[in-house]
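Novice: can you look at this prediction? I've put the sequence above it.
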Amino acid sequence: MSEQQVKPTLLSGIQPSGQLALGNYVGAMRNWVNLQQDYRGIFIVVDMHSITVRQKPADLRNRCLSFAAQYLAAGIDPNENIIFIQSHVPQHAELSWVLNCYTYMGELNRMTQFKDKSKRHEDNVNAGLYTYPALMAADILLYQTDLVPVGADQKQHLELTRDLAARFNNTYSPTFKVPEPYIPASGARIMSLQEPEKKMSKSDSNENNFIALLDPPDVIQRKIKRAVTDSAREISADSLTKPGIGNLLTIYAVLNDLNESGIVDTFAGRQYSDLKAELSDSLVAFLEPFQTRYHEIMTEKGYLSGILDDGAEKARSIARKTLSKVHRKIGFVAPGRMK
Ligand code: ATP
Ligand code: LTN
């Protein structure tokens with residue numbers, strides 16, 4: 001058995017909507033990169049999830065490639081991991097149908113992402129938005145995943161995935177691995193820069209609410225400078241628990257590998273404006289090499305599509321095995337066995 005097959009499986013995905021933002025990096029991608037050594041990583045651009053909200057076709061097409069290139073630019077090694085676009089692997093849709101039939105409406109009614117998105121898109125509360133968690137469960141369960149690194153907002157979806165896996169296993173016999181969530185202790189919920197009581201979101205209509213990973217340095221500086229804080233000016237131990245300034249301290253701490261006491265020691269007694277200036281510098285220094293690498297990858301279209309084709313092929317071969325096991329357990333007749 002090769003070393004790759006012995007490693008446990010780590011899987012995660014991001015919807016190609018809006019612009020990849022600092023919240024996505026700190027809450028999810030950063031941990032993908034840090035954990036990839038010890039796992040077989042599977043990283044998906046979940047385009048089928050993104051159409052639960054209306055997307056412009058040309059933008060969606062460009063974003064799928066751009067997001068995959070950003071996964072690579074962040075440090076995901078394509079030789080050691082599987083990277084692909086969800087719609088290239090039809091087993092996701094197939095398993096999601098089956099799982100829909102094992103998911104109760106009462107469970108879906110409780111999902112806070114569904115409630116939030118229904119409010120934000122009142123004119124398009126479609127059935128896909130409602131059954132979204134069953135597709136996410138299919139993404140994860142197809143690959144016998146051990147660990148799912150996500151931000152705190154996905155905890156509820158992960159719990160439902162675990163319940164569905166256990167329900168199916170108990171109804172038939174062990175079929176799916178029950179996955180564990182990996183939610184970072186710090187940075188699991190980065191907040192909006194202008195409205196720090198809500199989460200930073202990459203599809204926010206106000207671009208000042210988030211730092212995009214592809215924002216140029218002057219834009220980063222401007223957005224951080226304008227970030228909403230409170231009427232105090234000086235940083236103290238209390239600042240960590242205050243909405244605006246606490247969020248900026250958390251971002252600085254994560255980017256500079258500091259814990260809570262480290263960040264307070266660094267900034268206690270100093271001005272909010274000092275933190276903003278140093279945070280801008282940290283962000284620019286971190287994002288510059290990322291952006292350079294991204295632009296290199298985007299000029300080599302053949303390279304990127306090779307990685308995605310290869311990833312989809314590997315994914316299909318794993319997914320096919322799980323799906324045929326599922327079909328067999330349910331009682332579907334295997335093709336070619338009818339005579
Ligand atoms: P959208 O605004 O387009 O709905 P989003 O910014 O919420 O998107 P998703 O595609 O839903 O992003 O999430 C991708 C990953 O990033 C998930 O693991 C999610 O938990 C994580 N994530 C999203 N926003 C944040 C945030 N503000 N803080 C930490 N993690 C986040
Ligand atoms: N629902 C997730 C995106 C997502 C995902 C997944 C995350 C879809 N499939 C599988 C981890 C594993 C979100 O962030 N909105």
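Specialist: Okay, I see it. Residues are numbered from 1 along each chain as shown. Ligands and ions are numbered 1, 2, ... in the order given.
Novice: give the bridge partners for the residue of the chain at minimum distance from ligand 2, please.
Specialist: Nearest residue of the chain to ligand 2: Gly13, at 3.7 Å (Cβ to the nearest ligand atom). (Each C-beta comes from the backbone N, C-alpha and C, glycine too.) Taking DSSP bridges, one finds Ile44 as the beta-bridge partners of Gly13.
Novice: neighbours of it, just the number please.
Specialist: 24 (other Cβ atoms under 10 Å).
Novice: now do the helices in the stretch 151-300 of the chain.
Specialist: Secondary structure of the stretch 151-300 of the chain (DSSP state H, counting those that start in this stretch): helices at 155-171, 217-225, 243-255, 260-267, 272-299.
Novice: what helices and strands are in contact with the shortest one?
Specialist: If contacts are counted by 3 or more Cβ pairs under 8 Å, 6 or more residues apart in numbering; DSSP states H and E, helix 260-267 sits against helix 243-255.
Novice: would you reformat the helices of the stretch 151-300 of the chain as a markdown table and include mean neighbour count and mean pLDDT?
Specialist: A markdown table is the format used below for these (neighbours: other Cβ atoms under 10 Å; pLDDT from 0 to 100):
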| stretch | mean neighbour count | mean pLDDT |
| --- | --- | --- |
| helix 155-171 | 17 | 98 |
| helix 217-225 | 16 | 98 |
| helix 243-255 | 21 | 97 |
| helix 260-267 | 16 | 93 |
| helix 272-299 | 16 | 98 |
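Novice: and stretch 91-99, what's buried?
Specialist: Gln91, His92, Glu94, Leu95, Ser96, Val98, Leu99 (16 or more other Cβ atoms under 10 Å).
Novice: in contact with the residue of the chain closest to ligand 2: list those residues for me.
Specialist: Applying Cβ atoms under 8 Å, 6 or more residues apart in numbering, we find Gly13 in contact with Phe43, Ile44, Val45, Val46, His49, Gln86, Met136, Asp139.
Novice: where does pLDDT dip in the chain?
Specialist: By pLDDT under 70, the weakly predicted segments of the chain are 1-5, 339.
Novice: would you mind listing what in it touches ligand 1?
Specialist: 14-15, 17-18, 21, 23-24, 26-28, 150-151, 153-154, 188-190, 199-203 (Cβ under 6 Å from any ligand atom).
Novice: pull out the buried members of these.
Specialist: The neighbour-count criterion (16+ other Cβ under 10 Å) marks 14-15, 17-18, 21, 23-24, 26-28, 150-151, 153-154, 188-190, 199-202 among the residues of the chain next to ligand 1 as buried.
Novice: just the ones of the buried residues of stretch 91-99 in helices?
Specialist: Among these, DSSP state H puts Gln91, His92, Glu94, Leu95, Ser96, Val98, Leu99 in helices.
Novice: in CSV, list these along with distance to Leu275.
Specialist: Putting these into CSV (distance: Cβ to Cβ, whole Å) gives the following:
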residue, distance to Leu275
Gln91, 47
His92, 43
Glu94, 50
Leu95, 46
Ser96, 44
Val98, 50
Leu99, 45
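Novice: for those, which one is nearest Gln221?
Specialist: The closest of those to Gln221 turns out to be His92 (Cβ to Cβ; 40.3 Å).
Novice: quick one: contacts of stretch 106-120?
Specialist: Stretch 106-120 is contacted from outside by 52-53, 125, 129-133, 153, 156-157, 160, 163, using Cβ under 8 Å, 6+ apart.
Novice: within reach of ligand 2, which of these are there?
Specialist: By Cβ under 6 Å from any ligand atom, the members of the contacts of stretch 106-120 lying near ligand 2 are His157.
Novice: ok, which pair from the contacts of stretch 106-120 is furthest apart?
Specialist: Of all pairs in the contacts of stretch 106-120, the most separated under Cβ to Cβ is Val53 and Asp163 at 25.4 Å.
Novice: ignoring the adjacent residues along the chain, who's closest to the closest residue to ligand 1 within the chain?
Specialist: Residue nearest to ligand 1 within the chain (Cβ to the nearest ligand atom): Gly27, separated by 1.9 Å. In space, not counting the residues next to it along the chain, Gly27 is nearest to Gly151; the distance is 3.0 Å by Cβ to Cβ, 6 or more residues apart in numbering.
Novice: list the residues that contact that neighbour.
Specialist: Counting by Cβ under 8 Å, 6+ apart, Gly151 has contacts Gly23, Asn24, Gly27, Ala28, Ile183, Ala188, Arg189, Ile190.
Novice: repeat that for Arg320.
Specialist: Taking Cβ under 8 Å, 6+ apart, one finds Gln91 in contact with Arg320.
Novice: and it, which of the three is it?
Specialist: Put simply, Arg320 is helix when judged by DSSP: H, G, I helix; E, B strand; the rest coil.
Novice: roughly how far does the residue of the chain closest to ligand 1 sit from Asp77?
Specialist: Distance of Gly27 to Asp77, computed by Cβ to Cβ, to the nearest Å: 21 Å.
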